[in-house]
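Participant: Next one to model:
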Amino acid sequence: MQRLLSLAGHAKNYINTHRIQSIIGGGAFAVVFMYTATFFIPQPVMFSYTGNNCVNRLTLLPDIHSSPDNSKFDVTFRNKVKLGSFSVASLRICVVPTSAPKKENATVAAAPFGSLLARLHLSITVPSPPKVQTSSLRRPFPISRPLDIALTSADSIFTYKLHINNKVAACKPIKQVVRCDISKLSLKQDESYSAKVSREFKESATILATAPVRTLKATAVIDGSVKPGQIVYDKPKTITYTTDKSLVSAKVSLVMLDGQSRNSVPVEVAAAENIITISLPKELMREKKYELAVQQVEASDGSNLADSYIVPFEMSGGPKVKGVNVGTSRVNSNAQIFLDFDQPLADSQPIASMVRFSGGNAAITKISPTRVGVALSNLPRCTPFSIDISAGLKSDHDISTTAPWKFSSRTICYSLSTIGSSVKGRAINAYTFGTSGPVTLFVGALHGNEVSSSLILQDWISELEANYSRLPGNSRVVVVPTVNPDGVAAGTRNNARNVNLNRNFPTSNWVKDIDDTNGRVPGGGGESPLSEPEAKALASLSTSLRPRLMLSYHAVGSLVVGDTGGFSAGYAAKYASMVGYRNATGQSTDTFDYDITGSYEDWTIQKNGIPSIVIELGSYSYRSFAHHKEAFWAMLQ
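Facilitator: Down below sits the predicted model:
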């Protein structure tokens with residue numbers, strides 16, 4: 001029995017020994033397994049470009065750990081457990097790229113003091129970096145807002161930049177886009193550019209995309225209730241402008257211009273849809289100049305104005321006469337004079353009480369909202385008259401004039417008579433100034449291609465009208481500016497029957513076939529003296545008037561010819577001296593290279609004893625009446 005008990009004891013000890021050995025062995029295996037799992041089996045990390053690249057892992061004494069190789073990634077420890085300022089452990093381990101990440105599988109380690117013992121391993125799977133979605137660059141973009149460039153995925157690892165026009169804009173990542181501040185790129189609206197997008201990490205940079213881009217078309221003001229240069233006649237409480245795009249906001253200023261001063265006028269501005277409304281808290285001052293500026297707008301698409309839209313305008317006073325249909329002379333004795341106003345007149349105010357006529361009989365009526373008629377009634381020739389408008393004349397906006405207005409004129413001083421007709425029935429007119437006394441006769445355009453001779457006499461008629469008071473007392477002036485109207489109309493030297501009118505007068509040397517500027521002209525002198533109606537009319541006028549002096553204008557030559565030794569010789573010399581022409585009196589044989597027969601000027605002196613002067617102007621078409629004006633007046637003395 002005792003032996004059996006002894007054997008049983010040995011067996012129990014054996015079993016206990018093996019159990020202890022087994023426990024010790026299992027613990028050792030567990031320790032080895034845990035060590036291997038902790039320090040030799042890499043822990044996987046799926047790298048994310050959003051930047052949260054951490055895994056949960058307990059690490060003792062994290063501050064003494066370092067990476068033996070951090071050329072691609074560095075290891076950091078977070079969520080540390082501290083005892084005072086000493087880090088006992090950390091609960092998370094993270095990897096931070098030290099070079100530009102790229103698609104790869106990388107392993108990184110960390111160990112106390114970077115040693116081989118207790119080394120932690122992390123297996124990092126790095127996906128491809130995000131790419132730029134170039135489709136986001138194809139849409140026109142505003143220059144007033146940051147430009148968003150889409151990525152294939154979010155990225156907070158890299159930095160991005162936009163390159164346009166040799167300038168660079170920094171870009172900030174926001175979710176799956178990078179937002180670029182383009183304010184410093186000096187871009188213009190409605191322009192095309194070439195853009196590059198670069199991705200950078202520390203010192204390395206890569207161009208990800210190159211694409212053509214275009215900025216949005218600028219917003220434009222296309223209409224307004226007050227336009228540049230406008231005179232405003234009403235009393236506006238608001239001013240509106242229309243743009244070609246829907247608006248978010250608008251900035252407007254208004255100033256009153258007073259000499260060199262610019263006085264700001266308060267306004268209220270609202271922008272809705274495509275309308276800018278400027279409210280005027282106070283009525284604008286009348287007869288003042290203003291400058292309104294739409295300084296800036298923001299459209300719903302982000303575009304704005306290319307430049308400020310400037311609107312200079314003026315507030316009107318009361319009604320003003322902007323036009324009269326007659327001049328200050330040469331008004332017909334029964335003329336209908338129209339006064340046109342710059343704005344409609346008030347219907348409530350009788351025109352007759354505000355508009356008065358003096359100098360004869362006239363009827364005054366309101367013809368339209370902006371027109372008043374003054375109908376003259378048989379005013380005598382060369383009679384001065386005036387039209388006066390009192391201050392206080394009102395517009396239909398109840399705005400009154402502050403100053404009176406006066407218009408002075410005179411009825412026609414000349415009498416017009418038709419002395420005959422041309423071959424084609426055109427009238428030959430004579431203009432007579434003065435009522436009695438000796439006559440000075442002026443004649444032009446015997447040759448139709450010498451149109452300057454007609455034009456300068458028409459200028460002389462206007463001068464006599466404008467300065468009638470200069471006409472010497474007890475004298476008359478008769479002007480026939482166009483003797484050959486058919487030739488003037490056709491631009492030909494001769495009349496409609498190819499007769500040179502200045503060879504058709506009954507002088508002692510009249511001939512039918514003449515020599516002229518273009519050689520021999522058969523029949524150029526007419527079938528007989530005064531065979532042409534134009535010559536006959538001029539001859540009849542001359543013999544009836546028997547002028548003290550006759551001046552006949554021709555072209556070209558820049559010379560003056562008077563009667564040799566006669567009364568006109570002194571006047572010819574004076575005229576030539578005053579205008580700088582050659583005095584060819586007594587030199588006719590040296591002046592023209594052809595014989596002159598049957599001329600009007602020879603007929604007046606030879607057959608009628610009328611002193612005559614021939615003035616050959618310097619051009620067929622051009623005349624300078626201002627140069628000749630005083631010489632004309634001198635011929636009347």
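Participant: Quick check, central residue of this protein?
Facilitator: Nearest to the mean C-alpha position of the chain, by C-alpha atoms, centre = their mean, lies residue 228 at 10.6 Å.
Participant: looking at it, that one is touching residue 294, isn't it?
Facilitator: No - counting by C-beta atoms under 8 Å, residue 228 does not reach residue 294; the two are 11.5 Å apart. No exception for glycine: its C-beta is placed from N, CA and C like everyone else's.
Participant: overlap in contacts of the two?
Facilitator: residue 311 (C-beta atoms under 8 Å, 6 or more residues apart in numbering).
Participant: that older thread, which strand or helix spans the residue nearest to the centre of the chain?
Facilitator: Applying DSSP states H and E as the criterion places residue 228 outside every helix and strand.
Participant: sec struct for the residue nearest to residue 399 when sequence neighbours are not counted, please.
Facilitator: Spatial nearest neighbour of residue 399, excluding adjacent residues (C-beta to C-beta, 6 or more residues apart in numbering): residue 318 at 5.1 Å. Under DSSP: H, G, I helix; E, B strand; the rest coil, the three-state class of residue 318 is coil.
Participant: Can you tell me the number of residues neighbouring residue 318?
Facilitator: Residues lying near residue 318 (other C-beta atoms under 10 Å) number 24.
Participant: ditto for residue 310
Facilitator: Using other C-beta under 10 Å, the number of residues around residue 310 comes to 11.
Participant: pretty sure residue 289 is touching residue 265, no?
Facilitator: No - contact criterion C-beta under 8 Å: residue 289 and residue 265 do not qualify, at 11.9 Å.
Participant: which neighbours do these two share?
Facilitator: Residues touching both residue 289 and residue 265 (C-beta under 8 Å, 6+ apart): residue 256.
Participant: all helices in the chain, in order from the N-terminus.
Facilitator: Chain-ordered helices for the chain, with DSSP state H as the definition, fall at 2-39, 451-466, 485-490, 533-545, 567-579, 588-591, 600-608, 625-634.
Participant: Compare the mean pLDDT across the ones you listed and name the weakest.
Facilitator: Among those, helix 2-39 carries the lowest mean pLDDT, at a mean of 45.
Participant: Now stretch 113-130: buried residues?
Facilitator: The neighbour-count check on stretch 113-130 (16 or more other C-beta atoms under 10 Å) flags 118, 119, 120, 122, 124, 126, 129, 130 as buried.
Participant: Extract the CA atoms of that stretch and return them as CSV.
Facilitator: What follows is stretch 113-130, C-alpha atoms only, in CSV (Å, rounded to 0.1, in the frame of the first residue of the first chain):
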residue,chain,number,x,y,z
PHE,A,113,16.6,55.4,-30.6
GLY,A,114,16.3,54.0,-34.1
SER,A,115,17.8,50.7,-33.1
LEU,A,116,17.1,47.2,-34.4
LEU,A,117,15.3,46.1,-31.2
ALA,A,118,11.6,46.6,-30.6
ARG,A,119,11.3,48.0,-34.1
LEU,A,120,7.7,48.8,-35.3
HIS,A,121,6.9,48.3,-39.0
LEU,A,122,4.1,49.9,-41.0
SER,A,123,3.2,48.7,-44.5
ILE,A,124,1.8,51.8,-46.5
THR,A,125,-0.3,51.4,-49.6
VAL,A,126,-0.1,54.7,-51.5
PRO,A,127,-2.8,55.2,-54.3
SER,A,128,-2.3,57.4,-57.3
PRO,A,129,-2.4,61.2,-56.5
PRO,A,130,-5.5,63.1,-57.5
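Participant: Report the mean confidence score over that stretch.
Facilitator: Rounded mean pLDDT across stretch 113-130 is 91.
Participant: and the chain, what are its domains?
Facilitator: Domain ranges of the chain: 43-100+110-119, 134-213, 221-315, 321-406, 414-634, per automatic domain parsing.
Participant: Return the most buried member of those.
Facilitator: domain 414-634 (a mean of 19; mean count of other C-beta atoms under 10 Å).
Participant: can you give me the strands in the stretch 201-350 of the chain?
Facilitator: 204-214, 221-224, 230-232, 238-243, 247-258, 261-264, 268-272, 275-279, 289-299, 309-315, 321-324, 336-341 (DSSP state E, counting those that start in this stretch).
Participant: Correction: the previous question concerned the stretch 401-550 of the chain.
Facilitator: So, for the stretch 401-550 of the chain - with DSSP E, counting those that start in this stretch - the strands run 405-410, 414-421, 427-433, 439-444, 476-480, 514-516, 519-521, 549-555.
Participant: Would you format the ones you listed as a markdown table with mean pLDDT included?
Facilitator: Converted to a markdown table, these look like this (pLDDT from 0 to 100):
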| stretch | mean pLDDT |
| --- | --- |
| strand 405-410 | 97 |
| strand 414-421 | 97 |
| strand 427-433 | 98 |
| strand 439-444 | 98 |
| strand 476-480 | 98 |
| strand 514-516 | 90 |
| strand 519-521 | 89 |
| strand 549-555 | 97 |
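Participant: Adding distance to residue 494, write the ones you listed out as a markdown table.
Facilitator: Shown next, in a markdown table, are these (distance: least, C-beta to C-beta, whole Å):
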| stretch | distance to residue 494 |
| --- | --- |
| strand 405-410 | 39 |
| strand 414-421 | 17 |
| strand 427-433 | 16 |
| strand 439-444 | 16 |
| strand 476-480 | 18 |
| strand 514-516 | 9 |
| strand 519-521 | 8 |
| strand 549-555 | 14 |
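Participant: can you tell me which of these comes nearest to residue 578?
Facilitator: Checking the strands of the stretch 401-550 of the chain against residue 578 by C-beta to C-beta gives strand 549-555 as the closest, at 13.1 Å.
Participant: what comes into contact with the closest one?
Facilitator: By C-beta under 8 Å, 6+ apart, strand 549-555 touches 440-447, 450, 452-453, 456-457, 502, 542, 567-568, 571, 600-601, 604, 610-620, 635.
Participant: what do you get if the cut-off is 7 Å, keeping everything else the same?
Facilitator: With contact meaning C-beta atoms under 7 Å, 6 or more residues apart in numbering, strand 549-555 is reached by 440-444, 447, 450, 452-453, 456-457, 542, 568, 571, 600-601, 604, 610-617, 619-620, 635.
Participant: Repeat that for stretch 111-127.
Facilitator: 39-40, 42-47, 59, 61, 64-68, 73, 75, 95, 101-110.
Participant: Tell me which of the residues you listed fall in strands.
Facilitator: Among these, the members found in strands (DSSP state E) are 43-46, 59, 65-66, 73, 75, 95, 104-110.
Participant: any weak-confidence spans in the chain?
Facilitator: Under the criterion pLDDT under 70, the flagged ranges of the chain are 1-40, 588-593.
Participant: 80 instead?
Facilitator: By pLDDT under 80, the low-scoring segments of the chain are 1-40, 565, 588-594.
Participant: can you pull the contacts of residue 526?
Facilitator: Residue 526 neighbours (C-beta under 7 Å, 6+ apart): 499, 504, 512, 532.
Participant: what's the closest of those residues to residue 627?
Facilitator: Using C-beta to C-beta, those come closest to residue 627 at residue 504, 31.3 Å.
Participant: who are the neighbours in contact with that closest one?
Facilitator: Taking C-beta under 7 Å, 6+ apart, one finds 525, 526, 529, 530, 531, 532, 535, 598 in contact with residue 504.
Participant: Please apply the same query to residue 505.
Facilitator: 529, 530, 535, 539, 598, 599, 600, 603.
Participant: Can you tell me how far the third one is from residue 235?
Facilitator: Same thing as residue 535. Noted for residue 535: a distance of 68 Å to residue 235, by C-beta to C-beta, to the nearest Å.
Participant: same question, the fourth one
Facilitator: Noted for residue 539: a distance of 69 Å to residue 235, by C-beta to C-beta.
Participant: now do the last one
Facilitator: As judged by C-beta to C-beta, residue 603 and residue 235 stand 73 Å apart.
Participant: And the fifth one, by the same measure?
Facilitator: Separation of residue 598 from residue 235 (C-beta to C-beta) stands at 75 Å.
Participant: Ramachandran coordinates for residue 50?
Facilitator: Note on residue 50: backbone dihedrals following degrees, to the nearest 10 are phi -80, psi -10.
Participant: does it really touch residue 157, like I thought?
Facilitator: No - using C-beta atoms under 7 Å, residue 50 is not in contact with residue 157; the gap is 8.1 Å.
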